[in-house]
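# I would like to see how this sequence folds:
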Amino acid sequence: MDEHLIEFSEALRTVAKALRQAAEGKASAQAEAAEWKRRYELERTRNIQMEHKGQIVEQFSAEQNGDIDCGRVKNSENQLMQQNQLDEHSEKGCMKHGICSHEVLRDRESDSNSNVDHNKMMRKASFKLSWWCKGETGDQHKHDIVSFEKGNITTAERSSKQISLKWESDPQTVLILTKPDSVSVRILCAQMVRWLKEKKKLNIYVEPRVRVELLTESSHFNHVQTWKDDREILLLHTKVDLVITLGGDGTVLRAASMFKGPVPPIVPFSLGSLGFMTPFHSEHFKECLDSVLRGPISITLRHRLLCCVVRDAARNEYETEEPILVLNEITIDRGISSYLTNLECYCDNSFVTCVQGDGLILSTTSGSTAYSLAAGGSMVHPQVPGILFTPICPHSLSFRPLILPEHVTVRIVVPFNSRSPAWASFDGKDRKQLDAGDALLCSMAPWPVPTACQVDSTNDFLRSIHDGLHWNLRKTQSFDGPRDI
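Next up is the predicted model:
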């Protein structure tokens, strides 16, 4: 009897899930229909405007030949002014949702000859390119410049190009975060605080633990500020201009986790074991900080993932637990269970696969040199926007890692036929149990972590994998031997 009740309960859950997916599909279809209707109306309005412009141009041409009276000239001028106002309104609307073709379709040859009539300017078919994400236009890449010259679509600049930070006003406040229980780090921190206060006249924040250590050493550090509770930590981004980390990659991860929204630029000094994100050396901290404070500096925008757990009892996917931001990766594994992890994976509304193995890693490109690399994932430049989809010991010979685009939302679901719960950890912390029916939503966060570069993002990345992993290190082939002649 109990077995039948369990089967009936699972059947009801399956039906509820199917109904929920059908409702989501209906909402998606309605949103898509509304978008096509909006495009149709926009194109129809543009065609009407083009026809009116043509009529006005013809009237002006006739006026120049003396074939039209003054009253009609005034009427045409009023129409032209109204048309220009409509064009300005249309251009503002286009910039709000994306890049319109009329902004970049002007022929360059016409610009070189100022005497050519602008009404005779060559124009191509009008269309609009926008970056689309789940039915909405995204703002993540509106600053990219797209050219449609002579029928070819070319991208002139990308969001992943080298980025330079230039201070518009001098930094006033610095936050210093340190690796705990390290004598060398404690000594360096005291030297740095003294130098920043005496030479640069900066306000300095440290952790409560560090402030106690500094005051134990000398009362000279009375000026150092700290915070009392988590509420003050949430407001740090409104006070701090620059973050300095003294430690390894773990200290950078801790610094990023303190900021739930915008993150100030981080200057990471290497005092750990492996330093994929810590290019600066502590021996030259005065020269490094002087250069950073003076600017401009090259930075790497390290993308973060925004994760939400949706319990089976939730009424919809918007009823989630508190979101978590990660800089390296989310790991979903089988924990202490001896059974294989069973996970259903979706990318937006598309089914990806069912993971059967030890687990799954969803990683940022900054985390591609961490757990994902150990599980067989590729190393990816941190400036590349994307989500790494890496299985952990899958029970399949054909399950290879994936790299998904940044605009997608990945949904990981523990199915009701799973033999055991799964466990999710976020940058190695905040471990959560996922029971049958629970889901984990993961998407790209809008707040990246800007870290200062010693040279530039590419040079620092390549040097880190050469020095840290000895990537492709082998003896050079001897030149003394048989050769092709």
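
# Only C-alpha atoms from now on, for both contacts and neighbour counts.
Will do.

# what's the neighbour count on the closest residue in space to residue 435 that isn't next to it in sequence?
Of all residues not flanking residue 435 in the chain, residue 421 sits nearest, at 4.7 Å (CA to CA, 6 or more residues apart in numbering). Counted by other CA atoms under 10 Å, the residues lying close to residue 421 total 23.

# what does the one 5 residues further on give?
Here the neighbour count serves as a burial measure; for residue 426 (other CA under 10 Å) it reads 20.

# ok, residues contacting stretch 223-238?
Identification of contacts with stretch 223-238 by CA atoms under 8 Å, 6 or more residues apart in numbering yields 203-208, 211, 258-260, 262-264.

# Please narrow the residues you listed to those residing in strands.
Taking DSSP state E, the ones among the contacts of stretch 223-238 that sit in strands are 203, 204, 205, 206.

# Just the buried ones among the residues you listed, please.
203, 204, 205, 206 (16 or more other CA atoms under 10 Å).

# Serialize these to JSON lines and add fields for distance to residue 450 and pLDDT.
Formatted as JSON lines, these follow (distance: CA to CA, whole Å; pLDDT from 0 to 100):
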{"residue": "203", "distance to residue 450": "21", "pLDDT": "92"}
{"residue": "204", "distance to residue 450": "20", "pLDDT": "94"}
{"residue": "205", "distance to residue 450": "19", "pLDDT": "95"}
{"residue": "206", "distance to residue 450": "20", "pLDDT": "95"}
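
# Now flag whichever of these is closest to residue 9.
residue 206 (53.8 Å; CA to CA).

# which stretch of helix or strand covers residue 437?
Assigned by DSSP states H and E, residue 437 falls within no helix or strand.

# Ok, the one 5 residues further on next?
Using DSSP H and E, residue 442 sits in strand 439-444.

# So what are the sheet partners of that strand and their directions?
strand 305-310 (antiparallel), strand 410-413 (antiparallel) (DSSP bridges).

# Which positions within the next helix or strand after the shortest one qualify as buried?
Past strand 410-413, further along toward the C-terminus, the next helix or strand under DSSP H and E is strand 422-426. Neighbour counts using 16+ other CA under 10 Å place 422, 423, 424, 425, 426 of strand 422-426 among the buried residues.

# which one of these is nearest residue 277?
residue 426 (18.1 Å).

# What sits closest to that closest one if chain neighbours are left out?
Residue 426 sits nearest to residue 330 (CA to CA, 6+ apart), 4.7 Å away.

# go on, residue 255?
Nearest to residue 255 is residue 177, by CA to CA, 6+ apart, at 7.0 Å.

# didn't that neighbour look like it was pressed against residue 208?
No. If you go by CA atoms under 8 Å, residue 177 and residue 208 don't touch, sitting 10.4 Å apart.

# More neighbours: those two, which one.
residue 177 (21 against 14).

# name the element the more buried one belongs to?
strand 173-178.

# What's the mean pLDDT across that strand?
Average pLDDT, strand 173-178: 95.

# Same question for stretch 208-220.
Here the average pLDDT along stretch 208-220 is 91.

# Can we start the residue count at 48 from this point?
In the new count, where the first residue is 48, that last one comes out as stretch 255-267.

# Next, the buried residues of that stretch.
In stretch 255-267, counting by 16+ other CA under 10 Å, buried: 257, 258, 261.

# Okay, and residue 393 sits in which element?
strand 388-394.

# for that strand, the distance to its chain's centre please.
Strand 388-394 sits 23 Å away from the centroid of its parent chain (CA atoms, centre = their mean, to the nearest Å).

# again, but for stretch 484-495
Per CA atoms, centre = their mean, the centroid offset for stretch 484-495 relative to its chain is 12 Å.

# Identify all contacting residues around that stretch.
In contact with stretch 484-495 (CA under 8 Å, 6+ apart) are residues 308-310, 348-359, 372, 434, 453-463.

# one more time with 6 Å
308-309, 348-359, 456-463 (CA atoms under 6 Å, 6 or more residues apart in numbering).

# Over to stretch 342-353?
210-213, 371-374, 489-492, 495-500, 503-504.

# Stretch 394-409 now?
376-381, 387-393, 435-442, 455-457.

# Go ahead and confirm residue 221 touches residue 289.
Yes. Contact status for residue 221 versus residue 289: in contact at 4.9 Å, counting by CA atoms under 6 Å.

# picking that back up, can you name the two of the contacts of stretch 270-285 that are farthest apart?
258 and 309 (24.8 Å).

# Grab the longest strand from this protein for me.
Under DSSP E, the chain gives strand 397-410 as its longest strand.

# Give me the mean pLDDT for that one.
The model assigns strand 397-410 a mean pLDDT of 95.

# repeat for stretch 413-428
Per-residue pLDDT over stretch 413-428 has a mean of 95.

# residues making contact with it?
So stretch 413-428 is in contact with 375, 412, 429, 437, 439, 448, going by CA under 6 Å, 6+ apart.

# Throw together a PyMOL command that grabs the buried residues out of the contacts of stretch 394-409.
PyMOL command restricting the contacts of stretch 394-409 to the buried ones, with burial defined by 16+ other CA under 10 Å:
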select buried, resi 376+377+378+379+380+381+387+388+389+390+391+392+393+435+436+437+438+439+440+441+455+456+457
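
# Would you mind measuring from residue 441 to residue 251?
Distance of residue 441 to residue 251, given as CA to CA, to the nearest Å: 48 Å.

# now, among the buried residues of strand 469-473, which is nearest to residue 294?
residue 473 (20.2 Å).

# Check what pLDDT that closest one gets.
pLDDT, residue 473: 96.

# follow-up on the earlier one: just the buried members of the contacts of stretch 484-495?
Here, 16+ other CA under 10 Å leaves 308, 348-359, 456-463 buried among those.

# Just the C-alpha atoms of the strand holding residue 393, please, in PDB.
Taking Å, rounded to 0.1, in the frame of the first residue of the first chain, the C-alpha atoms of strand 388-394 are listed here in PDB:
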ATOM      1  CA  THR A 388      24.800  11.600  -8.800                       C
ATOM      2  CA  ASN A 389      21.700  11.900 -11.000                       C
ATOM      3  CA  LEU A 390      21.200  15.500 -12.300                       C
ATOM      4  CA  GLU A 391      19.000  16.800 -15.100                       C
ATOM      5  CA  CYS A 392      20.600  19.800 -16.800                       C
ATOM      6  CA  TYR A 393      18.800  22.600 -18.900                       C
ATOM      7  CA  CYS A 394      20.200  25.600 -20.700                       C
END
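
# any idea which element residue 68 lies in?
If you go by DSSP H and E, residue 68 is part of helix 49-111.

# Distance across stretch 242-252, terminal residue to terminal residue?
Termini of stretch 242-252 sit 14 Å apart (CA to CA).

# Would you mind pulling the contact partners of that stretch?
219, 220, 221, 222, 271, 272, 273.

# Now tabulate those in a markdown table and tack on distance to residue 61 and neighbour count.
Output for the contacts of stretch 242-252, formatted as a markdown table (distance: CA to CA, whole Å; neighbours: other CA atoms under 10 Å):
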| residue | distance to residue 61 | neighbour count |
| --- | --- | --- |
| 219 | 57 | 15 |
| 220 | 55 | 16 |
| 221 | 53 | 21 |
| 222 | 51 | 22 |
| 271 | 58 | 18 |
| 272 | 55 | 14 |
| 273 | 52 | 18 |
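
# Just the closest of those residues to residue 335, please.
Looking across the contacts of stretch 242-252 and measuring by CA to CA, the closest to residue 335 is residue 221, at 14.5 Å.
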